[in-house]
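Peer 1: Build me a structure from this.
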Amino acid sequence: MKIVVIGGTGLIGSKLVAKLNEHGHEAVPAAPNTGVNTLTGEGLAEVLTGASVVIDVSNSPSFEDDAVMEFFRTATTNLLKAEANAGVTHHVALSVVGTERLQDSGYFRAKQAQERLIKDSGIPYSIVHATQFFEFMKGIAEAATDGDTVRLAPVKIRPIFSDDVAAAVGRTAVGTPVGGVVEVAGPEEFQLDELIRKGLAAKKDPRQVVTDVHAPYFGAELEETTLLPGPDAHIAETRFADWLAQQR
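Peer 2: Below you'll find the model as predicted:
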């Protein structure tokens, strides 16, 4: 089947396109650098012609509160309208485990708005909630850095390899729409501050990680289990130490 991947040239999108094509599907990457812009609507009608499934793994170029809300509202509205016109029968979106519990954060409020638009669209859908990627640990550290100090809360997290996320999204996309949320998480549970400490040490990064129960996570204060999936989550295989070894 023809599957259009919005954000198809990014970290998850490029892996998805490759995996789906390997399995005999016609996976088409759609992004501004391929002539498709969900914010303006440019190229959407053309790329969606003949598509059965649309997978949205795009992300906002800005995490500033107003900008990220504008991105997800406008892009998702344009995309869903174009899908309805094209007769798309399955919309799949990648979101984040704990989104509904992180509403003090502008970014996660925007992701929640995106999810509401999808649920209200009338198009059969599946939303994949993933825990944070191994590759995003750097971004978490950067967001929590003040000078040479990284302040992080001692909360639980089950990070996941981006390859495993792409595989989960791909499986969901070629299946029957679930009309709800599917969760996917890594195989190991860490304490967030310890995880980032390990990651920085592996990179010989001199920043010091300070444990702070009130340290915000992209603007939201965390409870111990905020970032953990529920009991029915699909558990991926790749362990953090194995991924770290691949980076050397």
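
Peer 1: And the helices in this protein, which stretches?
Peer 2: Along the chain, counting by DSSP state H, helices occupy 11-22, 44-48, 65-86, 106-119, 137-143, 162-173, 192-202, 240-246.

Peer 1: Let me see the confidence value for the residue nearest to residue 159 when sequence neighbours are not counted.
Peer 2: Of all residues beyond its chain neighbours, the one nearest residue 159 is residue 186 (4.9 Å), with distances taken as Cβ to Cβ, 6 or more residues apart in numbering. For glycine as for every other residue, the C-beta is placed from the backbone atoms N, C-alpha and C. On pLDDT, residue 186 comes in at 98.

Peer 1: tally of neighbours for residue 186?
Peer 2: 27 (other Cβ atoms under 10 Å).

Peer 1: Report the separation between it and residue 226.
Peer 2: 16 Å (Cβ to Cβ, to the nearest Å).

Peer 1: Just give the nearest non-adjacent residue to residue 62, would you?
Peer 2: Residue 62's closest residue in space is residue 68 (Cβ to Cβ, 6+ apart), at 6.1 Å.

Peer 1: Enumerate every residue touching that neighbour.
Peer 2: Shown in contact with residue 68 (Cβ atoms under 8 Å, 6 or more residues apart in numbering): 60, 62, 106-107, 110.

Peer 1: Just name the closest of those to residue 82, please.
Peer 2: Nearest to residue 82, judged by Cβ to Cβ, of the contacts of residue 68 is residue 60 at 19.0 Å.

Peer 1: Tally up the residues packed near the closest residue to that closest one other than its chain neighbours, please.
Peer 2: Once flanking residues are discounted, residue 60 sits nearest to residue 71: 3.9 Å by Cβ to Cβ, 6+ apart. Residue 71 has 21 neighbours, counted by other Cβ under 10 Å.

Peer 1: about what we covered before: and the helices of the chain as a markdown table, adding distance to residue 214?
Peer 2: What follows is the helices of the chain, written out as a markdown table (distance: least, Cβ to Cβ, whole Å):
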| stretch | distance to residue 214 |
| --- | --- |
| helix 11-22 | 31 |
| helix 44-48 | 43 |
| helix 65-86 | 20 |
| helix 106-119 | 18 |
| helix 137-143 | 15 |
| helix 162-173 | 30 |
| helix 192-202 | 12 |
| helix 240-246 | 26 |
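
Peer 1: where does the chain have low pLDDT?
Peer 2: Scanning the chain for pLDDT under 70 picks out nothing.

Peer 1: picking up where we left off before, using ChimeraX, define a selection of the buried residues within the contacts of residue 68.
Peer 2: In ChimeraX, this line selects whichever of the contacts of residue 68 come out buried by 16 or more other Cβ atoms under 10 Å:
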select :60,106,107,110
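
Peer 1: and residue 123, what does it touch?
Peer 2: 80, 83-84, 88-91.

Peer 1: switch to 6 Å and redo it
Peer 2: 83, 91 (Cβ atoms under 6 Å, 6 or more residues apart in numbering).

Peer 1: so how far is residue 89 from it?
Peer 2: 8 Å.

Peer 1: How about residue 38?
Peer 2: Distance, residue 38 to residue 89, by Cβ to Cβ: 19 Å.

Peer 1: Also residue 3?
Peer 2: For residue 3 relative to residue 89 (Cβ to Cβ), the value is 11 Å.

Peer 1: same check, this time on residue 226
Peer 2: With Cβ to Cβ as the criterion, residue 226 and residue 89 are 34 Å apart.
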